[in-house]
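Q: Structure of the sequence below:
(2 chains)
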Amino acid sequence: MSRNIIQRKNRFVCVVAFILLWGSGAIVYGAVLPEDRADVMYHSYDGGGVTIDGPSILVRKGFLDKFSVSTNYYVDNISGASIDVELLASEYKEERTEYSLGMEYLNNKTIVGFGYTNSTENDYVADTFYGSISQDFFGDLSNVSISYAYGSDEISKTDDDGFGTEEATHLKYIISLTQILSKNWLMNITLQTDVDEGFLNNPYRKYSFVNGTNAVGIVRGYADEVYPETRTSDAAAIRFKHFLPYRAALGFEYRKYSDSWEIDAWNFDINYTHPWGEYLIFDIHYRWYSQSKAEFYSDLFASEREQNFMARDKELSTYKDTTIGVGVTFEYEPQSWGFVEKVSISLLYDRISFEYDDYLDARENKALTAGGGEESKYSIDADVIRFFFSMWY
Amino acid sequence: MKRFCSVLLVNLFILSLLSMSGCSLKPWVKPYERTNLADPIMRFGRDPVAETYMHHVYQAREGAKGAEGGAGGGCGCN
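A: Reported below is the predicted structural model:
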């Protein structure tokens, strides 16, 4: 499973880096370059039998009043055994390393940005190029940004020379509007269309089919998944931020998603930020997500070659997840630390609970405690930690 | 078709805002009235390194992707 998670991560690395390096300058409504700051973070995800942790270092610096460059070094260390690994493979460890470099140029009320990201692991290499332009207008009450990203992946399979190398490409088109609604209200609308082509499935995952019966019922058989080679998707999100009278902020987000694989999803997030005294800031948020399954997903197909495309990824099933997150930040603005303007230390914790409607715990079938299709529904509780030090200069 | 219509509606909404800004309306929040908006707690993602990581967590485990929004930034009104 470690590898399964990594595979999906790579597919999305481009947009992640895109947000990281360009988004920090794009969602503004006054043409200013992002702040000069450095962040050193330890991140950890622990859930479903898998632990993924590592560092992320982000440094940004402006120069000549018109340019800002940023770089990010990010590592995922994966260990453990997910349900997929317990079913069909053996536990192992793996590492993914990601480097990003970006630059923004400010000219009057326009910011132009571009960048590059590389993600590498032993069986997956992803390169992404991206560019964006944003423009302020209407007395700096409005900002529109248009972004484009192109990603190219090379996929191989460990311990399987016969697999060779597969390729995939990813195109992303994003348009975003940020609008000042009043002295205390902000709004953002973002639209994104993606076109993914090539080898889009995970070479390690398998679908399940009816392979006879035994004393407990249906016996599950397994075969390599087959995905379509094209996926187009649309996502639209609207966000609000409201400044409360006693210096606190209330935020809300709603996002709708649909794609050519017939996955329909939506989520909302409500968040609250509350400064306490001169040095502390508390955060709390709640997020809810729901999706329907892909048309070629089934927990258990009737036969081995029932249809052209077949998958049993739980990420393509019908499910929902909820997140409760809390955080605390300590901020300090030293008076005599030379070039250092501000420092902060933050600890953020999120608890994510996944509940799958049509992805069953096939380990019970393997253990001969339940027939295929009669196992209990699978669920995961995951703990996510972000602990980071930030410095402004 | 339903997907197309929903995207179209949002596009029309954006275009209507753009057209309003270019025609009859004038900016209704002056720069000196944006103190609250300039507060760092009003950002859609205060800490890019942390915000980006959560996008990463969800993208790896959910079927939906895209339109996550940016992290960091701020108000050009300070």
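
Q: which SS class is the residue of the stretch 101-250 of chain A found nearest chain B?
A: The nearest approach of the stretch 101-250 of chain A to chain B comes at A:Gly139, 2.9 Å away (Cβ to the nearest Cβ). No exception for glycine: its C-beta is placed from N, CA and C like everyone else's. With DSSP: H, G, I helix; E, B strand; the rest coil as the basis, A:Gly139 sits in coil.

Q: Hmm, it is touching B:Glu33, no?
A: No - counting by Cβ atoms under 8 Å, no contact exists between A:Gly139 and B:Glu33, whose distance comes to 11.1 Å.

Q: picking up where we left off before, the residue of the stretch 101-250 of chain A closest to chain B: neighbouring residues, count only.
A: 16 (other Cβ atoms under 10 Å in any protein chain shown).

Q: Which residue, other than its chain neighbours, is closest to it?
A: Leaving aside its sequence neighbours, A:Gly139 sits nearest to B:Pro27 (Cβ to Cβ, 6 or more residues apart in numbering or on different chains; 2.9 Å).

Q: quick one: pLDDT of that neighbour?
A: Per-residue pLDDT puts B:Pro27 at 83.

Q: Ok, A:Ile174 next?
A: So, for A:Ile174, pLDDT stands at 96.

Q: where does the residue nearest to it when sequence neighbours are not counted land in three-state SS?
A: Closest residue to A:Ile174 apart from its sequence neighbours, by Cβ to Cβ, 6+ apart: A:Ser147 at 4.0 Å. Following three-state DSSP, A:Ser147 is assigned to strand.

Q: Any idea how many residues pack against A:Leu360?
A: Quick note: A:Leu360 (other Cβ under 10 Å) scores 24 neighbours.

Q: no wait, A:Ile281
A: Number of residues near A:Ile281 (other Cβ under 10 Å) recorded here: 21.

Q: and A:Ile111, bridged to which residues?
A: Judged by DSSP bridges, the bridge partners of A:Ile111 are A:Leu106, A:Ser134.

Q: do the same with A:Glu331
A: Taking DSSP bridges, one finds A:Ser344 as the beta-bridge partners of A:Glu331.

Q: wait, doesn't it sit right on A:Phe282?
A: No - A:Glu331 is not in contact with A:Phe282 according to Cβ under 8 Å; the separation is 11.9 Å.

Q: in the stretch 101-250 of chain A, which spans are strands?
A: Here the stretch 101-250 of chain A has its strands, by DSSP state E, counting those that start in this stretch, at A:110-121, A:124-137, A:142-155, A:166-180, A:185-198, A:206-214, A:217-224, A:230-244, A:248-259.

Q: Redo those strands as a markdown table? Include mean neighbour count and distance to B:Lys65.
A: Below are the strands of the stretch 101-250 of chain A laid out as a markdown table (neighbours: other Cβ atoms under 10 Å in any protein chain shown; distance: least, Cβ to Cβ, whole Å):
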| stretch | mean neighbour count | distance to B:Lys65 |
| --- | --- | --- |
| strand A:110-121 | 20 | 16 |
| strand A:124-137 | 20 | 14 |
| strand A:142-155 | 20 | 12 |
| strand A:166-180 | 20 | 9 |
| strand A:185-198 | 20 | 7 |
| strand A:206-214 | 17 | 22 |
| strand A:217-224 | 17 | 24 |
| strand A:230-244 | 19 | 7 |
| strand A:248-259 | 20 | 7 |
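
Q: ok, back up a step: can you tell me which residues contact the residue nearest to A:Gly139?
A: Going by Cβ atoms under 8 Å, 6 or more residues apart in numbering or on different chains, B:Pro27 touches A:138-141.

Q: quick one: it from B:Arg34, how far?
A: 11 Å (Cβ to Cβ, to the nearest Å).

Q: ok, now A:Asn308?
A: Going from A:Asn308 to B:Arg34 by Cβ to Cβ gives 56 Å.

Q: Next: A:Ser145.
A: The value you get for A:Ser145 to B:Arg34, if Cβ to Cβ is used, is 19 Å.

Q: Can you give me the buried ones in stretch A:43-57?
A: Neighbour-count burial for stretch A:43-57, counted by 16 or more other Cβ atoms under 10 Å in any protein chain shown, picks out A:43, A:45, A:47-52, A:54, A:56.

Q: next structured bit after the helix-or-strand element of chain B with minimal mean pLDDT?
A: Lowest mean confidence among the helices and strands of chain B (mean pLDDT, DSSP states H and E): helix B:2-22, at a mean of 56. Counting by DSSP states H and E, the element after helix B:2-22 in chain order, helix or strand, is helix B:35-38.

Q: The helix or strand that that following helix is followed by near chain A at all?
A: Per DSSP H and E, the first helix or strand lying C-terminal to helix B:35-38 is helix B:48-61. Yes - residues of helix B:48-61 are located near chain A by Cβ under 8 Å from any Cβ of the partner chain, namely B:48-61.

Q: From those residues, pick the one nearest A:Ser119.
A: Closest approach between the residues of helix B:48-61 next to chain A and A:Ser119, by Cβ to Cβ: B:His56, at 11.0 Å.

Q: Might you enumerate the residues of the stretch 201-350 of chain A proximal to chain B?
A: Counting by Cβ under 8 Å from any Cβ, the stretch 201-350 of chain A sits next to chain B at A:233-239, A:241, A:243, A:247-249, A:251, A:253, A:255-259, A:263, A:265-267, A:273, A:275, A:281, A:289, A:291, A:294, A:315-316, A:321, A:346, A:348, A:350.

Q: which intervals of the stretch 1-150 of chain A have sub-threshold pLDDT?
A: A:1-30, A:90 (pLDDT under 70).

Q: rerun at 90
A: Filtered on pLDDT under 90, the stretch 1-150 of chain A yields the residue ranges A:1-32, A:80-82, A:84-94, A:122-123, A:137-140.

Q: what residues are up against A:Tyr105?
A: A:66-67, A:111-113.

Q: change it to 6 Å
A: Applying Cβ atoms under 6 Å, 6 or more residues apart in numbering or on different chains, we find A:Tyr105 in contact with A:67, A:112.

Q: Also A:Asp358?
A: A:299, A:317-318.

Q: Would you mark the buried spots in the helix or strand hosting it?
A: Taking DSSP H and E as the definition, one finds A:Asp358 inside strand A:342-360. Across strand A:342-360, burial judged by 16+ other Cβ under 10 Å covers A:342-344, A:346, A:348, A:350, A:352, A:354, A:356-360.

Q: distance between it and the chain's centre?
A: 12 Å (Cα atoms, centre = their mean, to the nearest Å).

Q: Check stretch A:361-372 too.
A: 31 Å.

Q: Surely A:Ser70 and A:Gly102 touch.
A: Yes - taking Cβ atoms under 6 Å as the definition, A:Ser70 is a contact partner of A:Gly102 at 5.0 Å.

Q: on that earlier part again, which strand residues bridge the residue nearest to A:Ile174?
A: A:Ser132, A:Ile174.

Q: Tell me the spacing between it and A:Leu87.
A: Distance from A:Ser147 to A:Leu87, by Cβ to Cβ: 39 Å.

Q: same check, this time on A:Leu141
A: 55 Å.

Q: more neighbours, these two?
A: A:Leu141 (24 against 18).

Q: residue contacts, the more buried one?
A: Counting by Cβ under 6 Å, 6+ apart, A:Leu141 has contacts A:180, B:27.

Q: circling back to that earlier point, between A:Asn308 and B:Arg34, who's got more neighbours?
A: B:Arg34 (22 against 8).
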